[in-house]
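Visitor: coordinates for the following, if possible.
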Amino acid sequence: MTADLRCLTVRQPWAWAIIHGGKDVENRTRNIAGGYRGPVAIHAGLQVDHEYDRHLIGQAVGRLAREHTAAGMGTVAQFGADVRTHGNEVAERYGNRGAILGVVDLVDMHHGDDCHEATYAVMCSPWAQFGVFHLALTNPRPLAHPIPARGRLGLWRPDDTLTAAIWEQVSA
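Guide: Numbering: from 1, shown residues only. Modelled structure (predicted):
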């Protein structure tokens with residue numbers, strides 16, 4: 001497996017949404033990716049973003065709600081109502097903090113203003129915000145067992161031990 005891996009610390013519930021909820025854009029105020037394109041381990045930070053829009057997190061968990069319904073664990077409406085009512089609990093219930101949750105591929109980075117250009121006739125993703133940089137993420141691969149790790153700012157390089165532990169689970 002490739003040794004070239006970066007990590008990105010993301011507050012919950014957004015880290016969970018990237019790995020499990022279909023969140024395909026991470027919004028940042030500056031270009032933290034530079035020219036890097038490739039695998040990125042998503043690290044759930046210790047802090048929870050209590051200011052998130054409950055409607056957006058409802059969209060993020062929509063896929064999981066459908067999976068729960070298919071598995072006979074309740075209806076989509078019940079699941080959605082629970083998320084809207086207890087949105088701040090999503091990080092506790094559907095994700096860990098202070099741990100690597102999975103790996104995605106960073107395939108593009110552009111400024112939100114570019115979404116209005118010919119390349120992006122409309123906003124590039126429902127997750128994208130205006131006026132910030134968009135890290136376009138694809139191919140989420142959740143880890144079976146989140147790996148405890150300390151987060152950092154920006155796009156950071158894990159040490160060799162953490163890299164090996166991540167790739168061991170991704171390859172399994």
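
Visitor: residue contacts, residue 145?
Guide: The neighbours of residue 145, taking CB atoms under 8 Å, 6 or more residues apart in numbering as the test, are residue 169. To be clear about C-beta, it is placed using only N, CA and C from the backbone, and glycine gets the same treatment.

Visitor: same question for residue 140.
Guide: By CB under 8 Å, 6+ apart, residue 140 lies in contact with 18, 19, 20, 42, 102, 103, 104.

Visitor: the fifth one belongs to a strand?
Guide: Yes: with the criterion set as DSSP: H, G, I helix; E, B strand; the rest coil, the secondary structure at residue 102 is a strand.

Visitor: how near is it to residue 30?
Guide: With the distance defined as CB to CB, to the nearest Å, residue 102 ends up 24 Å from residue 30.

Visitor: who's more crowded, these two?
Guide: residue 102 (23 against 8; other CB atoms under 10 Å).

Visitor: was I right to think residue 28 contacts residue 128?
Guide: No: proximity of residue 28 to residue 128 does not meet the contact threshold set by CB atoms under 8 Å, at 11.4 Å.

Visitor: what's around residue 96, how many residues?
Guide: Look at residue 96: counted by other CB under 10 Å, it has 19 neighbours.

Visitor: and residue 104, bridged to which residues?
Guide: residue 40 (DSSP bridges).

Visitor: need the contact list for residue 152.
Guide: Per CB under 8 Å, 6+ apart, neighbours of residue 152: 7, 9.

Visitor: ah, wrong one, I meant residue 129
Guide: By CB under 8 Å, 6+ apart, residue 129 lies in contact with 27, 112.

Visitor: so how far is residue 36 from it?
Guide: Noted for residue 129: a distance of 21 Å to residue 36, by CB to CB.

Visitor: same deal with residue 111?
Guide: 16 Å.

Visitor: over to residue 140?
Guide: Distance from residue 140 to residue 36, by CB to CB: 18 Å.

Visitor: cool, and residue 28?
Guide: The value you get for residue 28 to residue 36, if CB to CB is used, is 13 Å.
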